[in-house]
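**Q** sequence first, predicted coordinates after that:
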Amino acid sequence: MNTPCLNTSNLRSDVDFNFDWQFTLEGESAPDSDWREVRLPHDWSVEGQTTQEHGGNATAYLPGGVGHYRKSFVLPASAQGKRFRIEFDGVYSKSDVWVNGQHLGHRPYGYIPFAYDLTEHLTFGADAPNQIVVRVDRTAYIDCRWYSGSGIYRHVRLIATDPVSVPQHGVFVTTPSVTDAQARVCVETQVQNTTDNEAKITLTQTVLGPDGEAVGATEQTLTVPANTTRPEQQFILVANPKRWDIDDPQLYSVKTTLSRDGEKIDEVVNRLGIRTFHYDAKKGFFLNGRSVKFKGVCLHHDGGAVGAAVPLNVWRRRLEKLQDAGVNAIRTAHNPPSAEFLDLCDKMGFLVQDEAFDEWHHAKDKRKNYKQEAEEDETRGYSESFAEWSDRDVAAMVLRDRNHPSIVMWSIGNEIEWTYPAQQYAAGYWEEGRALDPNGKEVNYYWDVPPHPPEEILRRYQTQDLGPHNIATVAKRLADGIRAVDRTRPVTANTVIPSLGMVAGYGDALDIVGTSYRQILTDYLHENYPDVPFFGSENWTQWHEWEWCIDRDYAPGIFLWTGIRYMGESGGWPNRGGNSGLIDFAGLDMPAWHHFKCFWNLEEAHLHLEVVPQDTADFELDGLGHQSDHANPYELVDGVVRRLDRDDKQKMKWSWHGSTPHWNQEVGQPVVVEAFTNCVSVELFLNGESLGVRELEDVAPGNDKYLLLWHVPAWKAGKLEARGTTADGQTITRALETAGDAAALHLEVDYAELPADRYAAAHVTLQLRDAEGRPALHKDHEVTFQIDGPLRLLGIDNGSIACQDRYNVPTVETYKGRCVLLVQALDEAGEATITATTADGLTSNAVTVTLKPA
């Protein structure tokens, strides 16, 4: 029986309520033997086996169902008179919560935070236990276009306060004016009095600097009437403020204190980042007075093998990897993230677009898009709850997140136009007999400007039956709902038919307009609407997207689809997820990561080699328009390697072409060597013989910049070495050597010490090596890990898009010679040792993780 540790004074208690829960998939009335102990956050879907029987390639072929959680706890008699609430940061999905048999409420949207007041339903004393029950309904498990997870997959907290206190999200901190000499901090506080008598209190605000020392304070006395919440606004001046910035994210905090008769009765602390930003329709985005372009990525919320219940260290490792490539911005596609994810973005200096919804009144067709067969699948999703819940959900998102300095815009939706009537017809791209482009081809949605002028697009739209929900009216309602809670940030949306939205009212609801794969339209939009900022909110992971951006001052930046491979949206068995990304499911780098690092992180010299077998195949596109993993993107023209002539469809690339980071090929086979680099020149050697020098300035027409190419007519074993020369004359080298068969397993761990807190996680990366210690990436082996000591297996992943191995077992086949084991601390101090073996006798070194008392 759990007894929360509460303050004995009147001050609030903020209790970690994640431990000692029980869980079952057998129904609330299941016998005790069918309940098992779990520690939150918890995702039950990722514990299952992927199978086609689940039918959910939109959600990674993992099961749904109905899960029940329960937790019993005792409150001391001395706690009577306090106010209690339980706070959930996210439960996916359609949750119902009871305490002691009393139903507290229902919440359909699984990505939104919510809370319930428990006060009137609790019992006190050692002989009067309380019980919380949570029911989670994922029977409609194809209710999302990506992997959502199932269960109480984010943190839960129990809050106990004095009857006079600051309510949840009751402090809003802004900086209405900032100069190098002084920042004016505004603190808006809600003070809630739940008693039948007026309360006289002292409200104190203290600003703490990045070092934790007080740098300013203010105080005033006020009276709060009985059963009333009173707002109060106070100002504090901070001298010589240190700015929050992407390169130096200085963080202050504001401590809000309530006192009564000289005694503290409540205290909350909120983060403060002192910074300025604005968008200029002609000059782009400015942070702290200087122009900054978004080097952004879109991210779904899963963590690969851990599913939706992602430990903080998993996110930290992934974000550090992205930051190393130069990424400075994140779009939380297509839902609000966890609170701790935003905390991490604040600390690391990322700019964030916080997004609310993927669908509004009308469902997106999961069945059609992802080859489902059950007719009802296309109508399941948040659209079922949007009319009733969207106003509350968008307000909950903004209330929770508005004190995060990382957030620089709110998004009300993703590609919503696809689902609303008349949108596609009015745009004119898809009708029979549509207009022709200058080359005599029918206009293409991705690569041509609209076939009709704006006034004709509007006329066509107005002649159609728009149904009961006008997209412009809905957008205005959502945007106004955000502005009612926060006017310090602009409202945006990821639009797919902006040529219509800008004349039909959708664009009028937005402060800035994001566009999805509409590079071709940006000049058209800028010319027709010169006072509106436009930016790429979803872009292909290709050089030509960034090249377009840096050539236009008005373009604030782009957001790649995606930063990390994600589960779901797979397109068909056996693939478990999307094939885009800079890093894979296991958090390992892919070729696109190296390419973007070359021009997004110019401060660091970079050189990376990949090898592509060169045959006579053309581009091969699968049914979704993705390039086949084995497609050959090159041709040889007069001895020069060039990309094949690319028509518009071939530029629609969400994934990268097939390549290998090793020098093990077929003898005599022609290959292309790729060098991703920002060196000004690179010379390539094979077994000491020069294969020629390539200059960065002399990239062949049609080829991507920062990618140098060599044709090797006949592969032979040995050492391939690239020597790059930087602009300042420095030399860096990279080499690939032909490896023998794997002879050993090499392990490395990212955290050699962890707190014994049952939260902290570490990654153990395994690489196959040959007898000479060279990476052996050309043949894969099934490996089994052994954990000895106070760690538990959290998940296992090899990064492959087609891996269908279970995530919560210690065995997996490597992919390109690598895999990653995730482990998590238990609650005892000591040392843990991790080793790995194969069935044919290969062994690894041992890595040790020391668990320190938490």
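**A** Looks like it came in fine. Given the structure is predicted, the values throughout are model-derived calculations rather than measurements.
**Q** residue ranges with poor pLDDT in this protein?
**A** Along the chain, the parts satisfying pLDDT under 70 run over 1, 55, 367-379, 432-440, 615-633, 644-652, 701-702.
**Q** can you give me the helices for it?
**A** 312-324, 339-348, 366-369, 383-401, 423-427, 454-462, 471-483, 498-504, 522-528, 543-550, 591-600, 648-651 (DSSP state H).
**Q** CSV for those, including mean neighbour count and distance to V171?
**A** Quick note: C-beta positions are derived from backbone N, CA and C, even for glycine. Below are the helices of the chain laid out as CSV (neighbours: other Cβ atoms under 10 Å; distance: least, Cβ to Cβ, whole Å):
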stretch, mean neighbour count, distance to V171
helix 312-324, 19, 24
helix 339-348, 19, 15
helix 366-369, 18, 40
helix 383-401, 19, 11
helix 423-427, 20, 41
helix 454-462, 15, 44
helix 471-483, 19, 18
helix 498-504, 26, 36
helix 522-528, 16, 39
helix 543-550, 17, 37
helix 591-600, 23, 36
helix 648-651, 14, 48
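**Q** which one of the ones you listed lies nearest to H657?
**A** Comparing the helices of the chain by their distance to H657 (Cβ to Cβ), the top pick is helix 591-600, with 8.3 Å.
**Q** related to what we said a few turns ago, to A675, which of the helices of the chain lies closest?
**A** Across the helices of the chain, closest to A675 is helix 591-600 (Cβ to Cβ), at 9.6 Å.
**Q** just the angle between the closest one and helix 543-550, please?
**A** With axes from the mean of the first three to the mean of the last three Cα atoms, to 10 degrees defining the directions, helix 591-600 sits at 20 degrees from helix 543-550.
**Q** how distant is helix 591-600 from the center of its chain?
**A** Relative to the centre of its chain, helix 591-600 is centred 19 Å away, using Cα atoms, centre = their mean, to the nearest Å.
**Q** ok, and the closest non-adjacent residue to N197?
**A** A226 (5.4 Å; Cβ to Cβ, 6 or more residues apart in numbering).
**Q** please work out how many residues are found near that neighbour.
**A** Using other Cβ atoms under 10 Å, the number of residues around A226 comes to 11.
**Q** which residues does the closest residue to V672 other than its chain neighbours contact?
**A** Nearest non-adjacent residue to V672, counting by Cβ to Cβ, 6+ apart: V612, 4.4 Å away. Each residue near V612 by Cβ atoms under 8 Å, 6 or more residues apart in numbering is listed here: N632, P633, Y634, H657, G658, S659, T660, V671, V672, V673, E674.
**Q** distance to E28 for the helices of the chain - can I get that in CSV?
**A** Shown next, in CSV, are the helices of the chain (distance: least, Cβ to Cβ, whole Å):
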stretch, distance to E28
helix 312-324, 31
helix 339-348, 29
helix 366-369, 29
helix 383-401, 23
helix 423-427, 44
helix 454-462, 50
helix 471-483, 35
helix 498-504, 46
helix 522-528, 53
helix 543-550, 50
helix 591-600, 46
helix 648-651, 52
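**Q** what's the closest of the ones you listed to G773?
**A** Across those, closest to G773 is helix 591-600 (Cβ to Cβ), at 23.1 Å.
**Q** for the closest one, packing partners?
**A** Applying 3 or more Cβ pairs under 8 Å, 6 or more residues apart in numbering; DSSP states H and E, one finds that helix 591-600 contacts helix 543-550, strand 607-613, strand 671-677.
**Q** got the angle for that helix vs strand 671-677?
**A** Going by the same axes, to 10 degrees, helix 591-600 makes 40 degrees with strand 671-677.
**Q** which residues sit against helix 591-600?
**A** Contact with helix 591-600 is made by 295, 321, 324-327, 541, 543, 546, 560, 581-583, 604, 606, 608, 610, 656, 659, 661, 674, 676-678, 704-707, as judged by Cβ under 8 Å, 6+ apart.
**Q** ok, for R138, nearest residue in space, not its chain neighbours?
**A** Leaving out its chain neighbours, R138 is closest to G64 (Cβ to Cβ, 6+ apart), at 3.6 Å.
**Q** how far away is that neighbour from L500?
**A** 36 Å (Cβ to Cβ, to the nearest Å).
**Q** ramachandran coordinates for the closest residue to A387 other than its chain neighbours?
**A** Nearest residue to A387 in three dimensions, chain neighbours excluded: H361, at 6.4 Å (Cβ to Cβ, 6+ apart). When read as degrees, to the nearest 10, the backbone of H361 gives phi -70, psi -30.
**Q** wait, K295 touches V327, no?
**A** Yes: using Cβ atoms under 8 Å, K295 is in contact with V327, at 5.5 Å.
**Q** show me this structure divided up by domain.
**A** Annotated domains of the chain cover 13-161, 171-272, 291-420+469-595, 605-737, 744-852 [automatic domain parsing].
**Q** and stretch 73-81, end to end?
**A** Using Cα to Cα, to the nearest Å, one end of stretch 73-81 lies 18 Å from the other.
**Q** pull the residues that contact it.
**A** Against stretch 73-81 from outside (Cβ under 8 Å, 6+ apart): 1-4, 6, 8, 20, 84, 122-126, 128-132, 160, 163.
**Q** so which of those sit within strands?
**A** F84, N130, Q131, I132, A160 (DSSP state E).
**Q** now do the most centrally placed residue in the chain against A329, distance only.
**A** In the chain, the centroid-proximal residue (Cα atoms, centre = their mean) is L299; its distance is 3.2 Å. Using Cβ to Cβ, L299 is found at 11 Å from A329.
**Q** likewise for D638?
**A** D638 is 41 Å from A329, by Cβ to Cβ.
**Q** those two - which one has more neighbours?
**A** Under the neighbour definition other Cβ under 10 Å, D638 and A329 were set side by side, and A329 has more, 28 against 5.
**Q** so what's that one bridging to?
**A** G296, L351 (DSSP bridges).
**Q** count the neighbours of P405 for me.
**A** Quick note: P405 (other Cβ under 10 Å) scores 26 neighbours.
**Q** give me phi/psi at it?
**A** Dihedral angles for P405 - degrees, to the nearest 10 - are phi -70, psi -20.
**Q** that one reaches L272, doesn't it?
**A** Yes: taking Cβ under 8 Å as the definition, P405 is a contact partner of L272 at 7.2 Å.
**Q** spell out which residues are contacts of both of these two.
**A** L251.
**Q** ok, and what's touching stretch 470-482?
**A** By Cβ under 8 Å, 6+ apart, stretch 470-482 touches 356, 360-361, 390-391, 394-395, 398, 410, 412-413, 416-417, 420, 423, 491, 493, 501, 504-506, 508-511.
**Q** what about the nearest residue to H781 once chain neighbours are set aside, distance to D196?
**A** Nearest residue to H781 in three dimensions, chain neighbours excluded: T838, at 4.9 Å (Cβ to Cβ, 6+ apart). To D196, T838 is 71 Å away according to Cβ to Cβ.
**Q** look at these two and report which has more neighbours.
**A** T838 (18 against 8).
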